[in-house]
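**Q** What follows is a predicted structure for the sequence shown.
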Amino acid sequence: MAGGAYVAIALGFALAGGVVGKLKGSSFWIWFLVSGVIPFIGLLTAVLYRSERDEVRRQCPNCGRVCKLYDALCVRCGTELEFPEETIAPESAAFSAR
Ligand SMILES: [Zn+2]
């Protein structure tokens, strides 16, 4: 799994950070955490960004803005959005179809 490989990489970063921190006279564990968590946040952002692009979309009936399917209100005009009859394919699918 890619997740397992990532954990191994993050652990490597964390260990390297911890050792460097200790060599500089600081706490091993503080730098272990800092070095491990920062790449983790980077991955988390990448995962969230990807799922956002994969989200099914639909158009606001009032102003025509394309919203995410899970949005309860239109982000532009505030219209309450019913579950739509027609959805718009996710951005990722639109890209691969091109
Ligand atoms: Zn709207």
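**A** That came in fine, so what should we check first? Numbers count the residues shown, from 1 in each chain.
**Q** so the closest residue to Ser35 other than its chain neighbours is in which element?
**A** Spatially, and ignoring its direct neighbours in sequence, Ser35 is nearest to Gly17 (2.4 Å; C-beta to C-beta, 6 or more residues apart in numbering). C-betas here are computed from N, CA, C, even on glycine. In this structure, Gly17 sits in helix 2-23 according to DSSP states H and E.
**Q** What is the next helix-or-strand element following that helix packed up against?
**A** Per DSSP H and E, helix 2-23 leads on to helix 28-54 as the next helix or strand towards the C-terminus. Secondary-structure packing of helix 28-54 (3 or more C-beta pairs under 8 Å, 6 or more residues apart in numbering; DSSP states H and E): helix 2-23, helix 91-97.
**Q** Those helices: which one's closest to Gly36?
**A** The closest of these to Gly36 is helix 2-23. By C-beta to C-beta, the value is 3.0 Å.
**Q** buried residues in the closest one?
**A** Using 16 or more other C-beta atoms under 10 Å as the test for burial, helix 2-23 gives 10, 13-14, 17-18, 21.
**Q** Looking at those, which is nearest Thr87?
**A** Thr87 has its nearest neighbour among the buried residues of helix 2-23 in Ala10, at 36.0 Å by C-beta to C-beta.
**Q** Please report how far that closest one lies from the ion.
**A** As judged by C-beta to the ion, to the nearest Å, Ala10 and the ion stand 41 Å apart.
**Q** The chain should start at 888 in everything you say after this.
**A** I'll keep to 888 as the first residue from here, and by that count the last item is Ala897.
**Q** With adjacent residues omitted, what lies nearest to Val907?
**A** Per C-beta to C-beta, 6+ apart, closest to Val907 is Trp918, 6.5 Å.
**Q** Which pLDDT value goes with the residue in the chain sticking out farthest from the centre?
**A** Each residue of the chain has a distance to the centre, and by C-alpha atoms, centre = their mean the biggest one is for Gly912: 35.1 Å. Model confidence at Gly912, given as pLDDT, is 87.
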